[in-house]
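Q: pasting a predicted model and its sequence here:
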Amino acid sequence: MAVISYREALRAAMREELKRDENVVIMGEEVAQFNGAYKVTEGLLKEFGPKRIVDTPISEAGFIGLGIGASMLGIRPVMELMFWSFSYVAFDQVVNNAGNIRYMSGGLINCPIVIRGPANGGTNVGATHSHTPEAILASHPGIKVVCPATPYDAKGLMKAAIRDNDPVYVMENTILYNDKGEVPDDDYIVPIGVADIKREGTDLTIVAHGRAVITSLKAAEILEKEHGVSVEVVDLRSIRPLDEETIIASVRKTHRALLVEENKPFCGVDAQIAYLIQSRAFDELDAPIGRVSSIDAPQMYSKKMEDLQLPYPARVVAAALKVLA
Amino acid sequence: MAKNAVITHPESLKRPAGPSEYAKDPANASLTKADKIALYTKMARVRHFEQRCIRIYQQGKIGGFLHLYVGQEAVAAGTISLLGKFDHLITGYRDHAHGLLVGMSMKECMAELTGKVTGCSKGKGGSMHYFAPDKNYWGGHGIVGGQVPLGTGLAYAVKYRGQKGSCLTFMGDGAINQGAVHEAYNLAALWDLPVIFVIENNGYSMGTSQERSTAHPGCLAKRAEGYNMTWDVVNGHDVYEVRAKTAIALKRAHEESKPTVLEIFTYRYFGHSMSDPDKTYRDKEEVKGYRETKDPVFLFEKELLDEGVLTKALVESINAAAMEEADAAAVFADESPEPTVADITKHIYWEEDNRGPKTTSRGTIIFE
Ligand SMILES: Cc1ncc(C[n+]2csc(CCOP(=O)(O)OP(=O)(O)O)c2C)c(N)n1
Ligand SMILES: [Mg+2]
């Protein structure tokens, strides 16, 4: 078991899958010669050559559409979006073509594409570059969406995504790229659609995904030390499919739930989770479900304010204490 | 009108019906008598299928949109007749002809229109979304221009595999103003992809003439020059010419792995879709003119009669058989069962439809 970064974990997943399956191709802006805008694909061109690692022009609709077309014929393209925010110029391809082709063809055509890249705020780049479209995309049947929070999950989910026969959209986080963690050297996958209990506890369940998991773990630490509260943190890892059982089992144990995400509140992922909990565990709840999202505004540029716009440990602690009151 | 030189319809379009100057082109000289009869039969089948659709639509049995191909038959018939094992095709929503011409049955095509479970897409696609990947036909796409990057990707996959193939990527004259088309053009030229972009220029995008939609109208193919791609214009009323020029583009794709833009001039006789009353944007006289002097099916029929390939009797029996086939398809579409409520949630995910011991994905994927 090696300690490597989230970025290295993603790269290791792609390297292993490139070696395992000659149909895997990495494609995107600056992924090859430039070594990746965020260096996730660093060194891959050198190792695998230009047929497998392909620089594209700045044409998200064009190259994502091309990847979808190629995937229909059995190529397994792993397309990098420099930011998931840029998927919006390729929305028709991402949603209409990748998401609908299997359905509209009555199951005749598959689209085994992976689209990956960072989807997060908090990097001081303004509203256009800070979108978190996991809820928007996961609301489309036909699409799978995963959001790894740790290096272990980043590698395992990326490998699972590449082997998956459906379109899988992997939402990473630039702030996590340097986070380190233990990652096995051997071949493993993290099954898509299985949540992970990142911390066990008995008094409160926090459900989170992506970097909100890390924020929630910090909050849980504070809650334990300063308030003597035992918090369980459920990391969704996958938005669609959604591991409802793990969420419900945790709520049945703690009887209180706080939902934390970096999305904006309206129709966020947590709106779906809140519906789920009330519909399946209403009688188990000892308090109304709590929620922490980004403050509802386009992403703020000014650094200090942007940090306050996103969920941060003290806000999570305060919201937790309200649910526990 | 643009100030620059405008490419008008090719000279050959203006000539009265007569022997095609492309009859002896290598692409056509190799055709046997049987090949020619088969090609004519295919065009007649498309026409009778579409005309049968009108009746079913008027009976209220076809929902949503219905875009007919009548008048444009030589475009799909000519291009598709040249395709081989590694040649693929994809088009927009005016997609019935392409399906029939790759060998889909009238029955599965008709049943798709009436939303039956026996339809080619099991009643999930409708008129605009035919698919037959086993015949290299990748649809059938409802978003104008959205299929063009996909076709480019199919060509990319063919090249990646080292196959001598191509992807014919059809679009309308309206589609060429979509950004996705230009992005695909650039990628195809940049990466030397064996794709043939076929612009089926029928003069109108819905009710908007080219003059009203397109800067520098009348030379849509010429935009290829901006991407350093070879292009040509084609008289789409002459199936021999369509074949001759497509053959050159296919050779370029197969031998050099280079893209081509072919602008094929054609005309649709009916409204944009069945819901278009066709009264506000073009003259009845214009439609009449095309029908009477440039009809691709009749022109080819006349050509083959003159060549002595067809006889009046054969023409009659071919058309009668096509009509009968369309009638039988209509009955089949009528009598076929509807999909069930359980079918609504099938074919969304491969994983869900193929659950088994090897399934790794878990969790709820279809929500209540
Ligand atoms: C993105 C998008 N915009 C608008 C439409 C509505 N629409 C469908 S067909 C059409 C006209 C397209 O004309 P053209 O490309 O010339 O093809 P034709 O119908 O003549 O075959 C329009 C505007 C659509 N389906 N998709
Ligand atoms: Mg048109």
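A: Structure's in. What do you need? Ligands and ions are numbered 1, 2, ... in the order given.

Q: now do the helices in chain A.
A: Per DSSP state H, chain A has helices spanning A:6-20, A:44-48, A:60-72, A:91, A:98-104, A:134-138, A:151-163, A:211-227, A:244-254, A:269-281, A:303-309, A:313-324. These are given in chain order.

Q: may I have the distance across stretch B:210-223, first residue to last?
A: End-to-end distance for stretch B:210-223, by C-alpha to C-alpha, to the nearest Å: 14 Å.

Q: buried residues in that stretch, which are they?
A: Buried residues in stretch B:210-223, defined by neighbour count with 16 or more other C-beta atoms under 10 Å in any protein chain shown: B:210, B:214, B:216-223. Where C-beta positions appear, they are placed from N, C-alpha and C, glycine not excepted.

Q: which residues of chain B lie near ligand 1?
A: Proximity of chain B to ligand 1, by C-beta under 6 Å from any ligand atom, involves residues B:94, B:142-144, B:172-175, B:200, B:202, B:204-206, B:272.

Q: just the buried members of those?
A: The neighbour-count test (16+ other C-beta under 10 Å) marks B:94, B:142-144, B:172-175, B:200, B:202, B:204-205, B:272 as buried among the residues of chain B next to ligand 1.

Q: of all these, which comes closest to ligand 1?
A: When these are compared for distance to ligand 1 (C-beta to the nearest ligand atom), B:Gly172 comes out closest, at 2.1 Å.

Q: can you tell me the SS state at B:Val148?
A: State at B:Val148, reduced to three classes by DSSP: H, G, I helix; E, B strand; the rest coil: helix.

Q: measure B:Glu316 to ligand 1 for me?
A: 31 Å (C-beta to the nearest ligand atom, to the nearest Å).

Q: what is the burial count for that residue?
A: 10 (other C-beta atoms under 10 Å in any protein chain shown).

Q: so who does it touch?
A: Under the criterion of C-beta atoms under 8 Å, 6 or more residues apart in numbering or on different chains, the contact list for B:Glu316 is empty.

Q: what's the distance between it and B:Asp295?
A: For B:Glu316, the distance to B:Asp295 under the criterion C-beta to C-beta, to the nearest Å works out to 17 Å.

Q: any idea what B:Thr169 is bridged to?
A: B:Ile90, B:Phe197 (DSSP bridges).

Q: that one: what's it in contact with?
A: B:89-91, B:147-148, B:150-152, B:154-155, B:184, B:195-198.

Q: what residues sit buried inside stretch B:45-57?
A: B:45-50, B:52-53, B:56-57.

Q: just checking, which of those residues belong to helices?
A: Counting by DSSP H, the members of those that fall within helices are B:45-50, B:52-53, B:56-57.

Q: closest one of those residues to ligand 1?
A: Closest approach to ligand 1 among those (C-beta to the nearest ligand atom): B:Glu50, at 13.2 Å.

Q: hey, where'd the helices end up in the stretch 201-350 of chain B?
A: B:210-213, B:239-251, B:284-293, B:296-307, B:312-335, B:341-344, B:350-353 (DSSP state H, counting those that start in this stretch).

Q: who touches the fourth one?
A: Okay, so that is helix B:296-307. Applying C-beta under 8 Å, 6+ apart, the external contacts of helix B:296-307 come out as B:17, B:19-20, B:23, B:36-37, B:39-40, B:43-44, B:47, B:71-75, B:236-240, B:266, B:310-312, B:315.

Q: so what's the gap between it and the chain middle?
A: Once both centres are worked out by C-alpha atoms, centre = their mean, to the nearest Å, helix B:296-307 turns out to sit 21 Å from its chain's centre.

Q: just the CA trace of that helix, in CSV.
A: Provided in CSV are the C-alpha atoms of helix B:296-307 (Å, rounded to 0.1, in the frame of the first residue of the first chain):
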residue,chain,number,x,y,z
PRO,B,296,-35.1,11.6,-58.9
VAL,B,297,-37.2,8.4,-59.0
PHE,B,298,-38.8,9.2,-62.4
LEU,B,299,-35.5,10.5,-63.8
PHE,B,300,-33.8,7.2,-62.9
GLU,B,301,-36.7,5.2,-64.2
LYS,B,302,-36.6,7.0,-67.5
GLU,B,303,-32.8,6.5,-67.7
LEU,B,304,-33.2,2.8,-67.1
LEU,B,305,-36.0,2.5,-69.6
ASP,B,306,-33.9,4.2,-72.2
GLU,B,307,-31.0,2.0,-71.3
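
Q: next, the angle from that helix to helix B:284-293.
A: For helix B:296-307 and helix B:284-293, the angle between their directions (axes from the mean of the first three to the mean of the last three C-alpha atoms, to 10 degrees) works out to 30 degrees.

Q: could you do the second one as well?
A: For helix B:239-251 against helix B:284-293, the angle between stretch directions is 90 degrees (the same axes, to 10 degrees).

Q: which elements pack onto the host helix or strand of B:His182?
A: Secondary structure here is read from DSSP states H and E; on that basis B:His182 sits in helix B:179-190. Packing contacts for helix B:179-190, counted by 3 or more C-beta pairs under 8 Å, 6 or more residues apart in numbering or on different chains; DSSP states H and E, involve helix A:60-72, helix B:147-160, strand B:195-201.

Q: the last one vs ligand 2: in contact?
A: No: when contact is scored as C-beta under 5 Å from the ion, no part of strand B:195-201 falls within range of ligand 2; the minimum is 6.6 Å.

Q: from the chain's centre, how far out does that strand sit?
A: The gap between the average C-alpha position of strand B:195-201 and the chain average comes to 10 Å, counting by C-alpha atoms, centre = their mean.

Q: hmm, who's touching it?
A: Outside strand B:195-201, the residues within contact range by C-beta under 8 Å, 6+ apart are B:72, B:75, B:79, B:94, B:148, B:151-152, B:154-155, B:166-173, B:175-176, B:181, B:184-185, B:188, B:210, B:220-221, B:224, B:236, B:246, B:249-250, B:253, B:259-266.

Q: any idea how far B:Val198 is from A:Asp186?
A: In this structure, A:Asp186 and B:Val198 are separated by 50 Å, where distance is defined by C-beta to C-beta.

Q: so for these two, which residue has more residues nearby?
A: B:Val198 (27 against 6).

Q: and the more buried one, what's its pLDDT?
A: Per-residue pLDDT puts B:Val198 at 98.

Q: likewise for A:Asp186?
A: Listed pLDDT for A:Asp186 reads 89.

Q: could you measure it against A:Thr150, distance?
A: Relative to A:Thr150, A:Asp186 is positioned 17 Å away (criterion: C-beta to C-beta).

Q: which residues sit against the helix holding B:His182?
A: Everything outside helix B:179-190 that qualifies as a contact, by C-beta under 8 Å, 6+ apart, is A:56-57, A:59, A:61-63, A:65-66, A:92-93, B:145-146, B:148-149, B:151-152, B:155, B:169, B:171, B:175, B:193, B:195, B:197, B:223-224, B:226-229, B:259, B:261.
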